[in-house]
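Next input, structure requested:
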Amino acid sequence: MQLNRQAALALQQEGKAAFAKGDPHDASPYDRLGNAEQQFSYQYWTRGWVNARSEAEGAQEQAGVSAGR
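Modelled structure (predicted):
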């Protein structure tokens, strides 16, 4: 695997998809303590998962505000 921007974006999309399926944060298929490729993959997969969760929480807050909460 090339450790580049395109790979990072693809890994973030994987993480977002995992969140959408309901996978927990620690379900990453990559090893955060492995070799450089595994660490890179873990970091960007996790970043995608966290971003997806943040977006979902933001949408919930917006829905609460628009519902008069």
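
Now do the same contact list for the residue nearest to residue 38 when sequence neighbours are not counted.
Excluding the flanking residues, the one nearest residue 38 by CB to CB, 6 or more residues apart in numbering is residue 31, at 4.4 Å. Every residue, glycine included, has its C-beta placed from N, CA and C. In this structure, residue 31 makes contact with 38-39, 42, judged by CB atoms under 8 Å, 6 or more residues apart in numbering.

could you say which helix or strand contains residue 43?
Assigned by DSSP states H and E, residue 43 falls within helix 36-66.

so how far is that helix off the chain centroid?
5 Å (CA atoms, centre = their mean, to the nearest Å).

Low-confidence regions, this protein specifically.
When residues are selected by pLDDT under 70, those of the chain lie in 1, 61-69.

Could you find the closest non-adjacent residue to the residue at minimal distance from the centre of it?
Residue closest to the mean C-alpha point of the chain, counted by CA atoms, centre = their mean, is residue 49 at 1.7 Å. Leaving aside its sequence neighbours, residue 49 sits nearest to residue 15 (CB to CB, 6+ apart; 3.8 Å).

Please put the alpha-carbon coordinates of stretch 28-40 into CSV.
What follows is stretch 28-40 as a C-alpha-only set of coordinates in CSV (Å, rounded to 0.1, in the frame of the first residue of the first chain):
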residue,chain,number,x,y,z
SER,A,28,-10.7,-1.5,13.2
PRO,A,29,-9.2,-4.3,11.1
TYR,A,30,-5.8,-2.6,11.5
ASP,A,31,-3.3,-2.9,14.3
ARG,A,32,-2.3,0.4,15.9
LEU,A,33,0.9,-1.1,17.2
GLY,A,34,1.8,-2.9,14.0
ASN,A,35,4.2,-1.9,11.3
ALA,A,36,4.1,1.6,9.7
GLU,A,37,1.4,0.5,7.2
GLN,A,38,-0.8,-0.9,9.9
GLN,A,39,-0.4,2.2,12.0
PHE,A,40,-1.2,4.5,9.1
